[in-house]
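Engineer: Sequence and predicted structure below; questions after.
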Amino acid sequence: MEKKKISRRNFLATGPAVAAGSAISSCGVTQEPEGVHGTPPSGIPLRVQSLMSVLTQKGLIDPEAVDTLIEYYETKIGPHIGARVVARAWMDPSFKIRLLDDASSAITELGLEGIGNSRADLVALANSGQAHNVVVCTLCSCYPWALLGLPPSWYKDFAYRSRVVIEPRAVLEEFGLELEEDVEVHVWDSTADLRYLVIPERPEGTDGMTEEELIELVTRDSMVGVEKLNPFQPEGRA
Ligand code: FE
């Protein structure tokens, strides 16, 4: 019998309750109190606006510089950068070995050193037919921004952060990813000092593709580990 798939919206709505109270995580991000996740954070935009007003009036920030920074992360930095790393790993086995050994160093071969402002080390995790890796930040929302851009809202949601470490297979099924029983599932908890990039398996049907063509196939979710890339089907084929 086909298992019922739950939309991400429903998944987030059915997650466990958030622990009461606020706390500052190891990443310096304020954790939101019970009931805030899943509902529009109506107070936060106001707090941000107020803070920006004060800092601007005091001459401590330039609003145009803030806008530029936001635009940079919204338009210039994104999953297409992580996809370059993945495609290179698929094309070049020796690069993949270096990437798995020391990802922070290996990505400099692609000219990716110094992008973003992350001081965290990067670790690459290769998915295979025997092992599947999925990434989370249980404390807040640590994420390889420099490679994947802005994190999706579900990544920051308490339902994902708490459940994926307890019942990863169930959570992955809700994302539409059902793994064979003999596949080991590894959940990696990000921190302020350590970020992870999943190298998904290269899809079937991609032999002979160029690196640029492969880049187009790599999705953000596959690099977090909540999606497996489907076999490539050329347009026009059923
Ligand atoms: Fe975090």
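Structural biologist: Received the coordinates, thanks.
Engineer: what packs against the lengthiest helix in the chain?
Structural biologist: Counting by DSSP state H, the longest helix found in the chain is helix 43-57. If contacts are counted by 3 or more Cβ pairs under 8 Å, 6 or more residues apart in numbering; DSSP states H and E, helix 43-57 sits against helix 63-71. Bear in mind the C-beta positions are built from the backbone N, C-alpha and C, glycine included.
Engineer: tally of neighbours for residue 208?
Structural biologist: By other Cβ atoms under 10 Å, 6 other residues sit near residue 208.
Engineer: and it, which of the three is it?
Structural biologist: Classification of residue 208 using DSSP: H, G, I helix; E, B strand; the rest coil returns coil.
Engineer: What of residue 197?
Structural biologist: Counting by three-state DSSP, the backbone at residue 197 sits in strand.
Engineer: Tell me, what's the model's pLDDT at it?
Structural biologist: Looking at residue 197, its pLDDT reads 97.
Engineer: just residue 39 next, same as before
Structural biologist: 55.
Engineer: what does the one 5 residues further on give?
Structural biologist: Among the per-residue scores, residue 44 shows a pLDDT of 72.
Engineer: quick revisit: contacts for the longest helix of the chain?
Structural biologist: 61, 62, 63, 66 (Cβ atoms under 8 Å, 6 or more residues apart in numbering).
Engineer: now the angle from it to helix 63-71?
Structural biologist: Inter-element angle recorded for helix 43-57 and helix 63-71: 140 degrees (by axes from the mean of the first three to the mean of the last three Cα atoms, to 10 degrees).
Engineer: now the helices: where do they sit in the chain?
Structural biologist: Secondary structure of the chain (DSSP H): helices at 8-13, 43-57, 63-71, 79-91, 93-101, 103-106, 145-148, 153-156, 158-166, 168-174, 211-215, 220-224.
Engineer: In the second one, which residues are buried?
Structural biologist: Counting neighbours by 16 or more other Cβ atoms under 10 Å, one finds that helix 43-57 has no buried residues.
Engineer: Below-threshold pLDDT in the protein: ranges please.
Structural biologist: 1-42, 114-118, 236-238 (pLDDT under 70).
Engineer: For it, list the residues in contact with the ion, please.
Structural biologist: Neighbours of the ion within the chain, by Cβ under 5 Å from the ion: 27, 137, 139, 140, 142.
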